[in-house]
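Q: Sequence plus the predicted model coming up.
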Amino acid sequence: MPYFDAASAAPLHPVAHQALLASLDEGWADPARLYREGRRAALLLDAAREAAAEAVGCRPDELVFTPSGTHAVHAGIAGTLAARRRVGRHLVTSAVEHSSVLHSAAAHVADGGSATEVGVGRNGAVDAADFVREVGTDTALAVLQSANHEVGTLQPVAEVAQQCREVGVPLLVDAAQSLGWEQVPGPWSLLTASAHKWGGPAGVGLLVVRKGVRYAPQGVGDERESGRSPGFVNLPAIVAAAASLRAVRAEAAQEAARLRTLVERIRLRVPELVADVEVVGDAAARLPHLVTFSCLYVDGESLLHALDGAGFSVSSGSSCTSSTLTPSHVLRAMGVLSEGNVRVSLPRGTAASDVEAFLEVLPGAVRGVREALGAPAAAAAGAGDAQDSLVVDALGKRCPIPVIELAKVIGDVPVGGTVTVLSDDAAARLDIPAWCGMREQEYVGEEPRERGVAYVVRRVS
C-alpha cells in the first residue's frame with residue numbers, strides 16, 4: 001500500500017531503526033551521571049549532537065534536542081522575544097508558516113506584543129523585499145520557514161537572513177521540511193527541525209541558537225540541554241534521529257533527483273487526466289518530493305477516503321475534511337482553490353510503478369466523488385431567453401456544494417448577466433474566485449449579509 005504522506009511523517013529510516021535498537025541497550029542510563037553507564041550514555045549523546053550539528057552546519061554547543069519540532073519552535077520564539085524585549089515586541093512572520101509559529105505569534109499578541117504576517121504570491125513564496133520591509137527598529141524576531149509544509153515552495157531564506165543581519169534582527173528558520181535534503185543557507189540566527197520529517201523517530205526536535213544571539217529560556221528549566229529543554233532526554237530516539245539525519249543527507253542528492261522526476265510526472269499528468277484541476281505551489285523552487293493540487297467540485301474528505309480505499313495514503317489542506325471547517329491557511333494566503341485539495345509527498349524509495357498506479361486510480365476516484373455530489377460534467381452551455389441575474393442559496397452547505405451550484409446555473413444567465421451565490425462556508429471566499437479564474441468568468445466581488453456572504457459572478461463567455 002503506497003504511503004504518500006512523507007511531509008507529515010516519513011517512514012522510519014533503516015539506519016534509524018538499527019540505531020534505535022542498539023541504543024536501547026546502551027543508552028538507557030542518565031548521561032548526567034558520572035558512573036560507567038552514565039558516561040557511556042553521555043558519549044552517545046555527545047556523538048549524536050555532533051552528528052546533528054554537522055548536518056545543520058552549526059557548532060555542537062549551539063544545538064539542543066527537544067521533545068518535538070513544535071516544542072523547538074515555541075521555545076525558540078518565546079526565548080528570543082523575551083531576551084530582546086527592550087528592543088521591542090514586534091514579531092514578523094510569513095502568512096504561510098506552520099501552525100506552531102502562528103500559535104506562538106497569537107500567544108505573543110495576547111500577551112501585549114505585536115505581530116505582522118507578510119503575504120505570499122500565488123506560488124506560496126514571500127517576496128524578500130516585502131518581508132524585510134516589515135522588519136523595523138522595534139522588531140525583536142523574524143520567522144521564516146525554509147520550505148512550505150503544504151505546497152513545497154522554497155522561501156528566500158538566504159536573502160532574508162542576510163538583510164535581517166544587516167539591520168540587527170535575528171531570523172528563526174523552521175527547517176522541518178528541508179533539513180533532510182540540505183543545509184539551510186544564509187546567516188540565520190535560530191533554526192528548528194523535527195526528526196520524524198526526515199525518517200527519524202517521532203518525539204525528537206532540534207533547536208539551534210547561534211552564538212551571540214540573545215536568548216532567555218522561558219518556563220521552569222533545569223541543567224539539561226543548556227537549560228533550554230528541561231527533562232530527561234530520550235537518548236535512544238536522539239541517537240536514532242542523528243544517525244538517520246546523517247544517512248538521509250548522504251543519499252539526498254541522488255534521491256532528490258529521482259523523486260523530483262516522479263513529482264514532475266504527477267504535476268504534468270494530473271491536469272491531463274482530470275479536468276478542472278489546479279496544481280499549486282512553485283513549479284521550480286520547491287521541495288523535490290512534494291506536489292499539491294486541488295480539484296473542482298470535489299469533497300476533500302470523500303476523495304481522501306476513495307484514494308485510501310484504493311491503497312494510497314495522501315493528505316489534504318482542503319476545508320472539506322472532518323478535521324476542519326475552514327480552508328488551509330496556506331491555500332487561503334495563496335488565494336488558490338482549496339476544495340478537493342490533495343498533497344502527495346513521496347517518501348524515499350518510492351517506486352515509479354507506485355506513481356503510475358496512483359495516476360491510474362486518481363481519475364476514477366475524482367469522477368466518483370463528483371458524480372456522488374451531482375457536479376456538472378462540463379462547462380455550462382449558453383442560454384436562450386435567460387434571466388439577467390440569478391440568486392443561488394447555498395447557505396448551510398459546505399464545499400464544494402456552493403461552487404457546484406454556481407456551475408450548474410451560470411449557463412442560465414446571458415453573457416453579461418450575474419449569479420449571486422449566498423454562502424456561509426469559509427471556503428467559498430477562496431473557491432468561487434478560483435472557479436471564476438479557471439472558467440474565465442468575472443468575479444465581481446462579495447458583500448456581507450445578515451447571514452453569510454453574497455458572492456457575485458458575471459458571465460463572460
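A: Received the coordinates, thanks. Numbers count the residues shown, from 1 in each chain.

Q: Torsion angles phi and psi at Val456?
A: When read as degrees, to the nearest 10, the backbone of Val456 gives phi -110, psi 130.

Q: Pull up the gap between it and Arg224, please.
A: With the distance defined as Cβ to Cβ, to the nearest Å, Val456 ends up 60 Å from Arg224. The way it works is simple: take the backbone N, C-alpha and C, and place the C-beta from them, glycine included.

Q: Over to Gly445?
A: Here the criterion is Cβ to Cβ. By it, Gly445 lies 56 Å from Arg224.

Q: Neighbour count for these two, which is higher?
A: Neighbour tally, Gly445 and Arg224, criterion other Cβ atoms under 10 Å: the higher count belongs to Arg224, 17 against 10.

Q: I figured that one hits Pro230, correct?
A: Yes: between Arg224 and Pro230 there is a contact at 6.0 Å, judged by Cβ atoms under 8 Å.

Q: now the strands: where do they sit in the stretch 251-400 of the chain?
A: Taking DSSP state E, counting those that start in this stretch as the criterion, the stretch 251-400 of the chain carries its strands at 277-280, 290-295, 341-345, 389-393.

Q: Identify the bridge partners of Leu191.
A: On the basis of DSSP bridges, Leu191 is bridged to Val173, Val208.

Q: and if you look at Ser389?
A: As for beta bridges, Ser389 partners with Thr418 under DSSP bridges.

Q: what sits against it?
A: Residues in contact with Ser389 (Cβ atoms under 8 Å, 6 or more residues apart in numbering) are 413, 417-420.

Q: Name the SS class of the spatially most central residue of the chain, please.
A: Central residue of the chain (Cα atoms, centre = their mean): His149, 2.1 Å from the mean position. Here His149 is recorded as coil under DSSP: H, G, I helix; E, B strand; the rest coil.

Q: Could you do Gly445 as well?
A: Put simply, Gly445 is strand when judged by three-state DSSP.

Q: wait, isn't it in contact with Val456?
A: Yes: the criterion here is Cβ under 8 Å, and Gly445 meets it with Val456 at 5.9 Å.

Q: Leu422 should be in a strand, yeah?
A: Yes: assigned with three-state DSSP, Leu422 falls within a strand.

Q: and of the contacts of Ser389, the nearest to Lys211?
A: Within the contacts of Ser389, the smallest distance to Lys211 is 59.9 Å, found for Thr420 (Cβ to Cβ).

Q: The closest one is in contact with Asp393, isn't it?
A: No: the pair Thr420 / Asp393 is not scored as a contact, 9.5 Å apart, by Cβ under 8 Å.

Q: and these two? which has more neighbours close in?
A: Taking neighbours as other Cβ under 10 Å, Thr420 and Asp393 compare with Thr420 leading, 17 against 13.

Q: Please enumerate the helices of the stretch 151-300 of the chain.
A: Here the stretch 151-300 of the chain has its helices, by DSSP state H, counting those that start in this stretch, at 157-166, 235-273, 300-309.

Q: Could you dump those helices into TSV with mean neighbour count added?
A: Putting the helices of the stretch 151-300 of the chain into TSV (neighbours: other Cβ atoms under 10 Å) gives the following:
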stretch	mean neighbour count
helix 157-166	19
helix 235-273	19
helix 300-309	20
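
Q: what's the helix or strand for Ala75?
A: helix 69-83 (DSSP states H and E).
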